[in-house]
Structures are given as structure tokens and as C-alpha cells.
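what shape does this take:
(chains A, B and C)
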Amino acid sequence: MTIQFNDESFRGEYTFRNSDRAIKRFPFPFHEDSYMYSVNMERHQGGPEGSIYEKRFDVDEHYVSEMKDRALVLADDPLRCQSLPHMTLAGWDLLELIMVSKSEDYPDLFELHRDGNNWHWINKPMGIEQKFVFMDETTLPYGPLEYITRQTQGDFAVLDQRDDNLWMDAGMITTQADWSLDFDIGMNFFEWHAPVPKANEMGIFIRALKFLLNVQQGMPARRLNWTMTVNPLLDTSPENYHKWGIQKTTMTPETVGQKQHLRVELQTFFRLPRSNALVFPIRCYLIALQDLVTVPKWGRRLHRVIRDLPVELATYKGFIDNRPLIVDYLSQFDDGAPTSDGIWPD
Amino acid sequence: MSAGTNKIAVTVTDVSVVNALVKRFRFERSDGGLLPTFSGGAHTVVEMQDGDTHRLNPYSLMSDPMDQTAYTISVRRDDTGRGGSLFMHNSVKPGDQMTISYPVNLFPLDLRARKHLMIAGGIGITPFLAQIKQLSVMGERFELHYSCRNPALGSYVDELTEQHPNTTHIYYDDQNQSIDLEQLLGGQPLGTHIYVCGPKGMIDWVRGRAADLGWPREAVHYEEFLAPRSGKPFEVKLAMSNKVIQVGEHQSLLEAIEAAGVDAPYLCRGGACGQCETDVIGYDGKFLHYDHWLEDDQKTSGKKIMPCVSRFEGKTLVLDR
Amino acid sequence: MTKFQFPESIRSRPIYGTLEPRPGKVHLMIADAEGAEALIDVAQAKPDLMAGANIMYFPKGSGDTFVTQLQALGPAQLYVGPSYSASVARLRRTLTDSHMGLQVYLAGTEGLIGQAMLEVTTAGIPHSAIQTEHRGSVARRMQCVHCKGITEDVMTDPFVCSHCGLNLFVRDHYSRRLAAFQGVCIDAEDPGNVPDPVELYS
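Numbers count the residues shown, from 1 in each chain, chains lettered A, B, ... in the order given. I've put the predicted structure just below:
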């Protein structure tokens, strides 16, 4: 499989662009014309060929540039990647999971050769070749979690399972939608979700937790989450909010199509074998509204979803002030015609 | 089906007598591939076709979690039980093809612990064998206190005392040796976690003393192998599947549902994990809740039942299956 | 009466209880200012518990008000210190000699409770086994999410980060690991537009 990797930026000049292929495979998250929280979990076991669901860890045209951006974030703030001491074993589990999955799913891009615990990893797109001893941190330039997630798209929260709860005890978080790993590390499932409005009363988190506690080895699950971002900025962290927050106020009716992005997270859940921990990859996909509306069904539907979204959700997702601008823009692409069920283009 | 775990086709490559009551079984993948690695404390569910009876019994994995070539379990023969252990002892031979589940861990180590204090009774030693191997490789501190009836029935005592002479303590009931719990629980450094696995009486004793001595609940972990109890046969209507089933005297409600070809989720099959929780649509009779999962108010509500171990007596029971 | 009724809030905001005697041989009690009253209440409920009690007390602004009363309870040990931070090394040393079964009682300001709890959980007692009771000041320890600096004794919303100078609004989102609430820049989207500070809970 050949992928043409972009050379683009997610900050400053924002040269990020989606190719036609990227637009067509974008994970549009709305299966109907309105949105409310649900425990929308399904098995993560493949998907339509070429879709983002097909492989265990999707690699796309943004791979190399996203990893460059991650390295910049970490150089500026190393606290974006932390692992409490008891989570090193889980880090090795994750390293193995990603190396095995990617070398099997993308054999032209990644290779893994194992001779007992002597491993040899080759990452062609990033030009990395590493020999190391599995389970021996002294043979890698970083801890196992940091090492492998510096080479994998998306954020990673690694959750320790104890006392009928999940605890966010390690993570690599550089493309988050506005939450802080440094602040939340050590919290349990209900605590780190505490700021989310409405969902608690709905019992969503109780049901979700019960499902996640029972996710077993070899049977991963997935769901989609979404928000909005102005400019294709990956690092929308609270840490840097005092720098990027101002960008939200810079849109005009002329620029909203180009600057306003729908940001969709593919969240997957894998049970890790040696540590019994649960890894929670959060893979971020961005699309400018002007590209999204080239799929007529998506244009109609997004207009209706954003227009009718409850105030608390639009506020929590950070776009309440820009909502009128967004709805006005999208209304041009909604002729009122009925839309088909499901997320796929017609 | 399962709800939640994959199955593995395996070949029995070894059956060994450990002592008069215990046999050890070794499984390798039938297709010659590697088995999944696992975390110490995990169990596998072994499927058995015993004539007309289809059994699924969980057994702790006692082998080294890093050894992906084979899984090993030990089974204690129970002559008065429902027949699963008798089947394993009497009918399973090297060369047999069997089906087991992926490992599931409901008795994991707390890797934050500064010290792991293990208390085992009889066949309860099995999960600790895997955990001790794992902790040794990781260089973590542990201490084992293992109570058995006598040296002849002390499964794996030799192996443990030879490999871990300083941290293994054996107590033989027949020689009136017993664990001095007051002393043991009184002087442990902060950060110690207790793990207990054995008969119900031993678990209750350790948990009770620990609480009296001020130990936090979260630092005391236990696994009890609850076998489904036998009881009077009863009839159940499965509303979703539109079937009426009979639950036999030595058959669990879950087994009866499965025998009728209805898919019901499960994981531990021992009343502890919550996976088989089933809604009750209607009933006229009395519930016999034998599980550790439901809250007290859920048990009295008449709205829930755990079919893997619990039973019912009365005229009608209608379930949402 | 110095007990404050905290308004209902989000799941990560700590909720304090009422101290009660628990079974055990050794009882470690840490309190500041009016927190002493909570310890006195425990002693009244079970006087013979105090023979096994090790008290660390920081009067702060309350002077000698409670010290004599605490002495009168007959604890096995009573240490009166000028501040919590001066006593951290002593607390850590005490914990290294402690055993599982130790009962821990924390009373007073949120800052004291949070920081002492952090030491005890780091030493190896799960946080839900540690008893807490709030008394006295409702000032908060705040972490600035931008520079990571901690600003002590915050009583207004918004407030100024004592390290980097940004204007921060006060969130109820709380981290046990940092023993602090989260402060976030309030004028990022409209620089200079900072509302007048309002006292917390008013």
C-alpha cells in the first residue's frame, strides 16, 4: 500500500490540507440529523476497505507531519507524556500491540523482527531503525509508551483497572480537545469526565464503565466522539489555551468555511495482556467545513446537528460564540431535503 | 457464545498426577501457534462435552505468563461436586482436542503495591503460581503463606520452597500448624496488599481480621472459586427467545439457557464479574441469590438475577433473554 | 461553628466527611487551625482511642486556642508545628515506620487535607481509606494549567497566578496528585477583559 505523506503544518501558517481521498474516508460521526450522548460502542474488528476502520491503527497521509508536530509539542512541554511508575509494564504491552499491528497491517511501511526478546523495528516513513531488548527500558531512548507513541498517530490514555474502576495512570496527550494529562493523571473514570455536562445525570458513564471493564484480550471496541476547532490546530490543550484561544475570535463569514474544522475522534479500546490495563487510543481527524460540504448529505446533516445542539453541549465543546457564524455558513448547503440514515455518503 | 472472549482450539499434551486429589493438565495450540500472553491471576474457561452435558469450568492459569508455548492448569478432584473435575480427572487424556477461552483476569495484582502478601489454601495456590513467576521476573517483593492439609496433599510445595526459600511459608493442618494472622497482618509496611485464594471460610477469616485490624478494603484482594450450587429443578420462560426451559437439579440457570441454544453473556461463571446479569420481566416465587455481584437492594428488588450461580423456587420466572 | 456547607459540584471535586473513631492500634491525626475541633470531637466519641493517637497540629492564625485542649486529650504524641510545609519531612519519616492498619484522620483546610493525603497515599494507603473533615477557611490551592505553578490561599474568582501573572478563573476540577484545583486563563479570547474578582462561594 503506497501512501503519499504530506509535508504540512498544524500551527503558524497552517498548511494542512486533506486530499480528495482523505475527504472521502473522513469519519463523519452523525448517523441522524441530531446529536445526544450515547454509549455508541461497537467491535473494532475491521471495516470497509480503505476506510479508517479497516486497520487496527490507521495510518494516513498526515502521518509524518503529525509526528513532527508531536515532537514540537513535547519539546515545548514534556509533561504531555507521563507514566506513573507502576505503568511501565502496560507501556511494553502497548509497544508490542502497535509494533505487531502496524507491521502486519502495513508491511511496506513497518517491519518487526523478533528473536526471543531481541527485537528489531523498522519505521520507513519516519526513517527509524531500532534494535532493543523487549522489557528492558535501558535499551530504548525513551520509556516504551513514549517511544512507540512518538511514532503513532493519535493520543493514548493508558488506564489501570483496579477496584471496579479505570484509572488514567499514563498517557501521551498532544492532540487533545482541551484537557490536561498533567492535571488528570491519577484520576478515575468518573473524575476525569467530571467536567462533561449532562452525561452524568444520564447514567452514560456508569454504563460505559461497565462495558469497558469487561473488554477482553483480542476483542477491542471503538466509538466516535466529536468537537469543533478553528484552524487545523492539533494542540488545542488547556496548557496553551492562553495562546490559541484568541484564534476562535478571528473568523468571518468569508473565512468560516476554510477555518472552521470539524474534529472527530476515533476512540478505540484494547485490553493489554501482561498488565491487564486498558489502552484508550484517541485518534484525531480534522476536516474544514468547505471540504465537508462537498458531500451533500454531510452538509445538510451537519447544519441541522449544529443548529439544534443543546446550549450546554455547544458551550462545553467550545463553539457557542461562533455557532451563529457556523450555522449561517452551513445553511447554504441545506436545502431541507431528507437525509439517509447512517454516517456514509450516499 | 461468550460475550466477550475468543476461543482457542488446543491439544492436551500432558496429564500428570500431582497428588491423590490433584491432576495437572497442559494445553498447546492445536494449530501449533503461540498462545496469548496473560497477567498472573488470570483464568481460562475449559469446555467439556460430558455425554449430553456441556460444561464450561473456569480454572486459574498456573503457568508462566511469559511462556506462550503452553498453558498449565491444576484441577482438584471433587467427588461430591457437579462432575466437571471428575470429567477432567477420568476422561481427559493426552492427545485430546479441547476448546478453552482467551485468558480473563478477575484477580489481578495491584502493581502499585510495595509488597504482595499472598495467603493460599489448598488448590487456591494455583493463581499465585503464575503471579509469583511474574513478580520474580519484575523484581517485585512478595511473601506466600500456604496452608495445606498435609505434605502428601501439598501441591507444588517442593517447587515453591526450592525456588523461593525465604518467602514461602507452609502450614500443614494435620500437624496443627496454622497461619498466625494477628502477627502477620500487624506488622506489614505501608503499601502492602493482601491476596487470598482458597475455601470460603479462609477468605472470610482473612477479610474479617484484616478489617478489624484497620486494613483498607482496597488493599485486600480475594478470589473464590464459586461452583454453581445444585437445587430443586425449576422452569423458566425466556421472553426474548420465546422458549420455555427446565433447569435441572445439577445444572445452573446459565447452563440451561445455553443448552437451549440461547446466547447469554458470561465471563467468570462464578457469580463475581457481573457479565451475565439478567433482567427479570416477571416472577412468582423466591430468588436464591448465590452471587457476589448484585447489591442487596438489587437482590430484594426481584428485577435482576445472576444465572451463572443463582437459582429460583416457585411457579414462574420470566427472563429478558 | 466552622464547618462550611460546600455547594454540590462535579464528580472530581472532593467531598469531606465527619471524622469517626475506627478500629486499629495507631491513629495518625493531622490538622490545622479549626481542624483541631474535629479531632476533639473524635476523642469525645472514643476517649481511649487517644492513647494510640499521634497528632500533628498547625495552629496557623488560631494561636494557642486549641493547643491546650489537644494536650488535654492525652495523645501518645502531640507535635505543634509552625506550618504544614515545615513538617513534611517529619511526616514522611513517621510514615516510613508505620504499618498497614494505621488509621489516618485529616481535618482543617482543603489545602492541608489535600497535601497530607498526598503524602499518605504515596506511602501506600488508598485514598478512600483516609478520613477527612473540613473546618475553617475555604481558601483553595490552585494550579495554573499554563505555567504549572501553585498559588496558595486563593479566595477570589478570578485571581492572578502568583508565578506567571495570568488572570485565571477558578474551576472545581480537582487533582489529588497535585492537591490543587485548576485555574485557566480567563481572558484568552478577549485579552484584558477581566471581570472584577468575586469572593468564592458568594
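
rest of the way, CA atoms for contacts and neighbours
Fine.

what are the ranges of the helices in chain A?
A:20-24, A:63-76, A:88-105, A:144-149, A:181-184, A:189-192, A:204-213, A:241-244, A:256-259, A:289-292, A:296-308, A:311-316, A:323-331 (DSSP state H).

now do chain B
B:84-91, B:125-138, B:157-163, B:181-186, B:200-212, B:253-259, B:296-301.

could you see whether chain A lies near the second one?
This means helix B:125-138. No: legend: contact between helix B:125-138 and chain A by Cα under 8 Å from any Cα of the partner chain is lacking; minimum distance shown is 9.1 Å.

neighbours of B:Gly201, how many?
9 (other Cα atoms under 10 Å in any protein chain shown).

what separation is there between it and B:Asp158?
26 Å (Cα to Cα, to the nearest Å).

quick one: list the elements packing against the helix or strand of chain A with the lowest mean pLDDT.
Scoring the helices and strands of chain A by mean pLDDT, DSSP states H and E places helix A:204-213 at the bottom, with a mean of 86. Under the contact criterion of 3 or more Cα pairs under 8 Å, 6 or more residues apart in numbering or on different chains; DSSP states H and E, helix A:204-213 touches strand A:165-172, helix A:189-192.

for that helix, which positions count as buried?
By 16 or more other Cα atoms under 10 Å in any protein chain shown, the buried positions in helix A:204-213 come out as A:205, A:209, A:212-213.

distance from the chain centre to it, please.
Distance of helix A:204-213 from its chain centroid, counting by Cα atoms, centre = their mean, to the nearest Å, is 20 Å.

what does that helix contact?
Helix A:204-213 is contacted from outside by A:37-39, A:161, A:164-166, A:189-190, A:199, A:269, using Cα atoms under 8 Å, 6 or more residues apart in numbering or on different chains.

do that again at 10 Å, thanks
The contact list for helix A:204-213 (Cα atoms under 10 Å, 6 or more residues apart in numbering or on different chains) reads A:37-41, A:161-162, A:164-166, A:189-190, A:193-194, A:198-200, A:220-221, A:269-271, A:277-278, B:273-275.

quick one, what contacts the closest residue to chain C within the stretch 51-200 of chain A?
Per Cα to the nearest Cα, A:Glu191 is where the stretch 51-200 of chain A lies closest to chain C, at 4.4 Å. Contact analysis of A:Glu191 by Cα under 10 Å, 6+ apart lists A:167-168, A:184, C:10-14, C:173-175.

do that again at 6 Å, thanks
C:11-12 (Cα atoms under 6 Å, 6 or more residues apart in numbering or on different chains).

for it, give its distance to A:Gly318.
As judged by Cα to Cα, A:Glu191 and A:Gly318 stand 20 Å apart.

just to revisit the earlier point, among the helices and strands packed on helix A:204-213, which is nearest A:Tyr63?
Evaluated with Cα to Cα, the helices and strands packed on helix A:204-213 place strand A:165-172 nearest to A:Tyr63, the distance being 16.1 Å.

domains in chain C, by residue range?
If you go by automatic domain parsing, the domain ranges for chain C are C:27-134, C:140-199.

write out the residues of the stretch 151-300 of chain A neighbouring chain C.
The stretch 151-300 of chain A has residues A:191, A:194, A:239, A:242, A:245-246 near chain C, with proximity defined as Cα under 6 Å from any Cα of the partner chain.

let's see if you can find the most crowded of those residues.
Most neighbours among these, by other Cα under 10 Å: A:Glu239, with 23 neighbours.

give me the pLDDT for it.
We have a pLDDT of 96 for A:Glu239.

contacts only, for the residue in chain B that chain C sits nearest to.
In chain B, the residue that lies nearest chain C is B:Gly191 (3.6 Å; Cα to the nearest Cα). Applying Cα under 6 Å, 6+ apart, we find B:Gly191 in contact with B:113-114, C:124.

repeat that with 10 Å
With Cα under 10 Å, 6+ apart, B:Gly191 has these contacts: B:112-116, B:219, C:99-100, C:120-126.

so of those residues, which ones are in strands?
Members of those lying in strands (criterion: DSSP state E): B:115-116.

only whichever of the contacts of B:Gly191 are buried, select them in ChimeraX.
Per 16+ other Cα under 10 Å, the buried members of these correspond to this ChimeraX selection:
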select /B:112,113,114,115,116,219 /C:99,100,120,121,122,123,124,125,126
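
what is the most widely separated pair among the buried residues of helix A:204-213?
Most distant of the buried residues of helix A:204-213, by Cα to Cα, are A:Phe205 and A:Leu213, 11.9 Å apart.

how many neighbours does the residue in the stretch 51-200 of chain A that chain B sits nearest to have?
Nearest residue of the stretch 51-200 of chain A to chain B (Cα to the nearest Cα) works out as A:His86 at 5.5 Å. The burial count assigned to A:His86 is 16, neighbours taken as other Cα under 10 Å.

report the contact partners of C:Gln44.
C:21, C:38, C:50, C:73.

mean confidence (pLDDT) on the host helix or strand of it, please.
C:Gln44 belongs to helix C:35-45 when elements are defined using DSSP states H and E. Throughout helix C:35-45, pLDDT has a mean value of 97.

other SSEs contacting the helix or strand following that helix?
The first helix or strand that comes after helix C:35-45 along the chain, using DSSP H and E, is strand C:53-58. Judged by 3 or more Cα pairs under 10 Å, 6 or more residues apart in numbering or on different chains; DSSP states H and E, strand C:53-58 is in contact with strand C:27-32, helix C:35-45, helix C:67-72, strand C:77-80, helix C:88-96, strand C:103-108.

partner strands of strand C:53-58, with direction?
strand C:27-32 (parallel), strand C:77-80 (parallel) (DSSP bridges).

residue numbers of chain C in contact with chain A?
Contact residues, chain C versus chain A (Cα under 10 Å from any Cα of the partner chain): C:9-14, C:143-148, C:166-167, C:171-178, C:180-191.

the closest residue to A:Pro281 other than its chain neighbours bridge partners, please.
Counting by Cα to Cα, 6 or more residues apart in numbering or on different chains, A:Pro281 lies nearest to A:Phe156, which is 4.4 Å off, once chain neighbours are set aside. On the basis of DSSP bridges, A:Phe156 is bridged to A:Met172, A:Pro281.

and the pLDDT for A:Phe156?
Listed pLDDT for A:Phe156 reads 98.
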